[in-house]
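Peer 1: heads up, no residue letters with this:
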């Protein structure tokens, strides 16, 4: 498994501990949770899949870029596999000397992860249908042809 992708439950406190130190007075975390609805449908569960070597490398680049843009230390972990409603899907932790830079960097990291990292999300709905999430598609999702199809 990679440094940034996990099949097991994420631990936000452990990730926060990994970036904190005595010289960093601000800690900002973001935890993305699987919600029970999307585009008017009831979500039963979802599955994340990824091209793991590329996804891990891109996460590492994003964390390094955050440290170049702001005086912060950042970390990111993303789940892959099947997740239930209420589980943490992604965790970002950023620590810096001051809150403004930590907040700015944290927001930037999650936006870049969503934009750049090759992780795909397939939702399973209560009505038995499935769809690949695609924010560029009408309604935000593309119906899955079968359980093994990819976007």
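Peer 2: That came through fine. Only a predicted model underlies this, so the values are computations on that prediction, with no experimental measurement involved. Numbers count the residues shown, from 1 in each chain.
Peer 1: what is the neighbour count of residue 98?
Peer 2: 13 (other C-beta atoms under 10 Å). In this view, the C-beta of every residue, glycine as well, is placed from N, C-alpha and C.
Peer 1: surely it meets residue 27?
Peer 2: No. With contact defined as C-beta atoms under 8 Å, residue 98 does not count as touching residue 27 (11.3 Å).
Peer 1: against residue 83, how distant is residue 114?
Peer 2: Distance, residue 114 to residue 83, by C-beta to C-beta, to the nearest Å: 16 Å.
Peer 1: that should have said residue 69, apologies.
Peer 2: For residue 69, the distance to residue 83 - C-beta to C-beta - is 30 Å.
Peer 1: between residue 114 and residue 83, point out the one with more neighbours.
Peer 2: Legend: neighbour count by other C-beta under 10 Å for residue 114 and residue 83, higher for residue 83 (19 against 12).
Peer 1: pLDDT score for the more buried one?
Peer 2: Here the pLDDT value assigned to residue 83 is 98.
Peer 1: beta partners of it?
Peer 2: Per DSSP bridges, the residues bridged to residue 83 are residue 46.
Peer 1: what's near enough to touch the residue nearest the centre of the chain?
Peer 2: Central residue of the chain (C-alpha atoms, centre = their mean): residue 90, 3.4 Å from the mean position. Counting by C-beta atoms under 8 Å, 6 or more residues apart in numbering, residue 90 touches 10, 30-32, 76-79, 110, 113.
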